[in-house]
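Asker: Okay, sequence plus prediction incoming.
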Amino acid sequence: MPSQSSTRIAEPLLGGPDGIHLASAGAQFRRGQAYIFAGILGVTTFLALALQGPCLSSGYEQPSASARMCAGPLSTAFLGQTNPEEALGRSTGGMAGLSPIDARFVQLLKLMTDDVSVFMAIVLLVNVIAFAALGVALLVLARQRAWLVTAFASPVILFTVGSTLGPVALALSVWAMAIFVGSSPVTPRPWLSGVLLAIAAFINPLALLVLLALSLAGPRPAGRLSPRDPRMMLAAATITSAIILVLDGSAIERIMHWMSDAVDGGSFASILVMARLGTAEVWAPVWIIGSAGVIAAVAVSLYMVRRTGLDPAVAACLLIGGCLLLAPGMMPWDSLWILPFLALTVRRWWVLIVWALAETAFAIAIHLGDVAEIESDKGLEPTFVALLTLLRLLALVAVVICAGENLYRRRIRGRLLRTEPPRRAEDDHPTVRVQGHGNPT
């Protein structure tokens with residue numbers, strides 16, 4: 001029996017050499033794992049469609065639609081309705097409150113049908129395809145796939161599949177990240193990433209934070225990602241945005257309306273309005289400026305530390321989380337944006353579970369709060385809605401802290417800068433190399 005040195009015996013404790021303890025799983029194992037995750041995502045999406053079933057048969061009438069947890073901005077706008085005026089801490093909503101692409105989508109389908117059930121069936125089909133595309137993009141990006149179950153089985157999917165076209169924008173953004181970093185087998189095309197992010201930004205402006213994260217992390221990526229010049233991506237995003245603004249003259253008007261009616265559920269601003277401490281018109285600019293300040297502070301901090309390598313997923317998680325923390329509105333379709341980057345970044349199970357429970361409780365509370373404003377003897381009192389909103393914001397704080405903790409450690413699977421053959425077991429004089437198994441969190 002050949003003798004082994006002490007360093008060889010201690011390698012499992014030290015992390016092991018590349019190609020042995022840290023080797024990638026085989027293709028057969030990865031395929032099997034991908035099928036399992038696809039099945040989990042399929043079950044979650046099926047449950048989301050089942051949640052929409054009663055409303056499809058009843059025509060999304062209020063307050064039954066909110067009581068059944070299937071009301072959303074698209075169905076409300078298609079019916080020509082708005083949120084209850086008596087609902088404190090909620091925006092007006094309606095057609096004027098939709099994003100430019102959401103509004104054009106509703107107007108286009110109104111030319112085809114007047115049946116809200118047919119319209120919502122098309123919305124559900126589009127969003128189901130978007131969630132499937134999002135799942136594939138995450139499987140391309142993720143190095144440690146076990147954590148993706150937090151995204152594929154997330155309750156946020158249950159409450160957002162019929163709300164807006166946010167899943168489409170999120171899928172475009174995550175694919176833009178995969179294309180930009182060039183995760184195998186995707187060929188890097190920065191210009192295409194810019195086009196996808198520009199389109200996504202006109203569905204939800206949070207896509208701009210993904211663009212900012214890629215711009216910061218591209219020149220100095222973490223781990224084994226190859227450096228990327230973001231200038232082509234930024235140029236393509238600018239040109240695409242200009243074309244959309246020319247084609248849709250109402251885009252700027254809608255953005256201005258959103259800023260004046262920005263206070264919505266799930267935010268500190270909505271809690272203050274529900275407590276009758278000021279009005280939405282007073283708090284909207286304050287919290288918009290505060291959210292912009294947090295984005296600027298996080299961006300500057302990421303720029304200062306990127307010399308040691310910056311993970312795009314961690315940067316996106318911190319930027320989006322910081323923005324939502326002080327944003328004047330944080331409905332479930334907004335928090336959906338942090339979901340994929342949360343799964344790629346945070347590895348503390350208790351944080352992921354707390355976040356899922358907080359999202360579920362808030363989504364139920366916000367719908368029942370709308371019911372209470374329509375029928376006072378039913379639904380949930382504003383006090384309980386505010387309490388669950390606060391708990392959800394505290395869970396978001398934990399998410400941001402854990403994402404920042406992983407700033408230097410987390411990796412996305414990308415192109416290797418160099419390849420080294422694994423050392424053989426019979427090597428009697430190995431070089432001692434201390435390397436962890438990954439993120440200890």
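Answerer: Ah, there it is. If you're wondering where the values come from, they're calculated on a predicted model, not measured in any experiment.
Asker: all contacts plus neighbour counts: C-alpha atoms, from now on.
Answerer: Fine.
Asker: From P312, how far out is P185?
Answerer: 18 Å (CA to CA, to the nearest Å).
Asker: more neighbours, those two?
Answerer: Applying other CA atoms under 10 Å to P185 and P312 shows that P312 carries more neighbours, namely 31 against 11.
Asker: what helices or strands is the host helix or strand of V371 leaning on?
Answerer: Taking DSSP states H and E as the definition, V371 sits inside helix 349-374. With contacts defined as 3 or more CA pairs under 8 Å, 6 or more residues apart in numbering; DSSP states H and E, helix 349-374 has these neighbours: helix 64-67, helix 155-160, helix 382-405.
Asker: Rebuild these as CSV, extending it with mean neighbour count and distance to L206.
Answerer: Converted to CSV, the helices and strands packed on helix 349-374 look like this (neighbours: other CA atoms under 10 Å; distance: least, CA to CA, whole Å):
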stretch, mean neighbour count, distance to L206
helix 64-67, 20, 26
helix 155-160, 24, 16
helix 382-405, 20, 16
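Asker: Now distance to V305 and mean pLDDT too, for these, in TSV please.
Answerer: Output for the helices and strands packed on helix 349-374, formatted as TSV (distance: least, CA to CA, whole Å; pLDDT from 0 to 100):
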stretch	distance to V305	mean pLDDT
helix 64-67	45	88
helix 155-160	32	93
helix 382-405	12	91
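Asker: among these, which is nearest S173?
Answerer: helix 155-160 (16.7 Å; CA to CA).
Asker: which element follows that closest one toward the C-terminus?
Answerer: helix 166-181.
Asker: Give the buried residues for the helix or strand just after that next one.
Answerer: Toward the C-terminal end, the helix or strand that comes next after helix 166-181 (DSSP H and E) is helix 190-201. Neighbour-count burial for helix 190-201 flags P190, W191, L192, S193, G194, V195, L196, L197, A198, I199, A200, A201 (criterion: 16 or more other CA atoms under 10 Å).
Asker: Check stretch 241-258 too.
Answerer: Quick answer for stretch 241-258 (16+ other CA under 10 Å): S241, I244, A251, R254, I255, W258.
Asker: now do stretch 303-310
Answerer: Y303, R306, G309, L310.
Asker: Ok, stretch 339-352 next?
Answerer: Buried, per 16+ other CA under 10 Å, within stretch 339-352: L339, P340, F341, L342, A343, L344, T345, V346, R347, V351, L352.
Asker: now stretch 111-121
Answerer: For stretch 111-121, using 16+ other CA under 10 Å, the buried residues are V116, S117, F119, M120, A121.
Asker: Check these against A269 and report the nearest one.
Answerer: Of all the buried residues of stretch 111-121, A269 sits closest to M120, with 30.6 Å by CA to CA.
Asker: So which of the buried residues of stretch 339-352 are in helices?
Answerer: Per DSSP state H, helices hold the following members of the buried residues of stretch 339-352: L339, P340, F341, L342, A343, L344, T345, V351, L352.
Asker: ok, the last one - contacts?
Answerer: Remark: with contacts taken as CA atoms under 8 Å, 6 or more residues apart in numbering, L352 is in contact with T150, V346, V399.
Asker: Make JSON lines out of the helices and strands packed on helix 349-374 and add distance to E86.
Answerer: As requested, the helices and strands packed on helix 349-374 are exported to JSON lines (distance: least, CA to CA, whole Å):
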{"stretch": "helix 64-67", "distance to E86": "15"}
{"stretch": "helix 155-160", "distance to E86": "23"}
{"stretch": "helix 382-405", "distance to E86": "11"}
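Asker: Nearest to S215, out of the ones you listed?
Answerer: When the helices and strands packed on helix 349-374 are compared by CA to CA, helix 382-405 sits nearest S215, at 18.2 Å.
Asker: Hmm, V195 is touching A242, no?
Answerer: No: with contacts counted by CA atoms under 8 Å, V195 stays clear of A242, the gap being 11.2 Å.
Asker: could you check the angle helix 382-405 makes with the helix holding V371?
Answerer: 150 degrees (axes from the mean of the first three to the mean of the last three CA atoms, to 10 degrees).
Asker: got the buried residues for helix 349-374?
Answerer: Of all the residues in helix 349-374, those buried under the rule 16+ other CA under 10 Å are 351-352, 354-374.
Asker: again, but for stretch 71-86
Answerer: For stretch 71-86, the neighbour count (16+ other CA under 10 Å) marks A71, G72, P73, L74, S75, T76, A77, F78, L79, T82, N83, P84 as buried.
Asker: what sits up against that stretch?
Answerer: In contact with stretch 71-86 (CA under 8 Å, 6+ apart) are residues 60, 65, 90-95, 98, 102, 106, 110, 116, 120, 162-164, 367, 370, 373-374.
Asker: could the buried residues of stretch 241-258 go into JSON lines alongside distance to A146?
Answerer: Converted to JSON lines, those look like this (distance: CA to CA, whole Å):
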{"residue": "S241", "distance to A146": "37"}
{"residue": "I244", "distance to A146": "39"}
{"residue": "A251", "distance to A146": "40"}
{"residue": "R254", "distance to A146": "41"}
{"residue": "I255", "distance to A146": "39"}
{"residue": "W258", "distance to A146": "38"}
